[in-house]
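Undergrad: can you look at this prediction? I've put the sequence above it.
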Amino acid sequence: MKILKLLPNFLTILRIVLSLFLLFLLLNTHTYFSFLTPFHINIISSLVFLFAALTDLLDGYIARNYKAKSRFGEIFDPLADKILILSAFLGLVHLDRVNAWVPFVILGREFFISGLRVLAANEKKDIPVNALGKYKTVSQVVAIGALLANLTYSYVLVAIAVFLTLYSGIDYTIKYYKS
């Protein structure tokens with residue numbers, strides 16, 4: 001049972017390591033990984049990303065259902081999520097599969113909402129994560145997966161992810177001012 005208590009934190013750390021490996025892979029496709037074809041890079045990067053994204057689902061499930069929540073997890077789980085999303089988008093910018101403004105919009109929203117949460121905490125306000133925030137995350141994961149697999153209409157999924165990113169940011173801002 002002690003292992004179950006530590007497993008969510010291990011999965012969070014693993015997600016960070018996988019994120020950094022994914023970024024390294026995408027940034028070095030023509031150097032260290034030049035022996036791989038673009039098709040193989042697409043498959044490997046998609047699988048690494050998918051596995052890393054699944055660790056987020058798994059660590060949350062274990063933490064909630066086996067009373068394995070920790071202060072470490074509260075801090076590092078959302079950070080690991082942001083590292084995964086931004087690592088993937090930065091690698092995809094390097095490969096010219098997405099415009100550079102996309103990760104900047106996402107990063108800007110994340111910094112803004114994090115700052116808003118700090119203000120809310122200082123004012124003893126609570127802005128809980130809502131369904132819109134979850135949809136935003138899912139849309140980002142799906143868009144990244146499509147971009148990594150180099151699917152034809154990935155840009156549509158990126159547009160949806162950017163829209164939900166901005167919309168959820170506006171929603172959190174409104175909730176902050178109403179609370």
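TA: Looks like it came in fine.
Undergrad: now the closest residue to residue 16 other than its chain neighbours: which helix or strand?
TA: Once flanking residues are discounted, residue 16 sits nearest to residue 80: 4.9 Å by C-beta to C-beta, 6 or more residues apart in numbering. For every residue, glycine as well, the C-beta is placed using N, CA and C. According to DSSP states H and E, residue 80 maps onto helix 71-94.
Undergrad: any idea how far residue 101 lies from residue 125?
TA: According to C-beta to C-beta, to the nearest Å, residue 101 and residue 125 sit 31 Å apart.
Undergrad: how many neighbours does the residue nearest to residue 16 have?
TA: Neighbour count for residue 80, taken as other C-beta atoms under 10 Å: 24.
Undergrad: who's more crowded, residue 101 and residue 125?
TA: residue 125 (15 against 11).
Undergrad: what's the pLDDT at residue 124?
TA: What the model reports as pLDDT for residue 124 is 89.
Undergrad: next, it: secondary structure please.
TA: Using DSSP: H, G, I helix; E, B strand; the rest coil, the secondary structure recorded for residue 124 is coil.
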